[in-house]
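*Asks:* no sequence on this one, just coordinates:
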């Protein structure tokens, strides 16, 4: 006789992780999240905090971390949103969240290949060519 176990379902799920700022959320972001989720069963999105964006990337976000988190949590492809506070946490995140596949946009190609040594598959997805947050900001500033 077979008994259904929620615990075993969670254990055997293929878990995906991706990172980003996701400011001025647009359909390019949705495309990335949809394609990342299609690679597995459970998608963890690691969202850059406001402090990390400013201190490490010199980026000022239009929306706060909490606002961006709320937007991401409303997307059906996203199962969990956690904060990104430093560059080095990727190594610990893949272990802590039992990640199978690490996904980033192809503008980061090769930068995270070291995570293969942590036992995860590393996938770089092509970006949606006609849209970017930078382009949106540029277009708005030129109006």
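*Replies:* Yes, it's here. Fair warning: this is a prediction, and the values are worked out from it, not measured in the lab.
*Asks:* next SSE after the helix or strand of the chain with the lowest mean pLDDT?
*Replies:* Lowest by mean pLDDT, DSSP states H and E among the helices and strands of the chain is helix 6-12, with a mean of 56. For helix 6-12, the following helix or strand on the C-terminal side (DSSP states H and E) is strand 15-20.
*Asks:* Quick check: can you name the pairing partners of that following strand and their directions?
*Replies:* If you go by DSSP bridges, strand 15-20 pairs up with strand 42-48 (parallel), strand 101-105 (parallel).
*Asks:* Format the ones you listed as CSV; extra columns: mean pLDDT and distance to residue 86.
*Replies:* (Each C-beta comes from the backbone N, C-alpha and C, glycine too.) Converted to CSV, those look like this (pLDDT from 0 to 100; distance: least, CB to CB, whole Å):
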stretch, mean pLDDT, distance to residue 86
strand 42-48, 98, 10
strand 101-105, 97, 16
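*Asks:* okay, the ones you listed in a markdown table with mean neighbour count next?
*Replies:* Shown next, in a markdown table, are the strands paired with strand 15-20 (neighbours: other CB atoms under 10 Å):
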| stretch | mean neighbour count |
| --- | --- |
| strand 42-48 | 22 |
| strand 101-105 | 22 |
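*Asks:* okay if I get those strands as CSV plus distance to residue 63?
*Replies:* Formatted as CSV, these follow (distance: least, CB to CB, whole Å):
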stretch, distance to residue 63
strand 42-48, 11
strand 101-105, 19
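*Asks:* quick one, which of these is nearest to residue 85?
*Replies:* With CB to CB, the closest approach to residue 85 among these belongs to strand 42-48: 8.4 Å.
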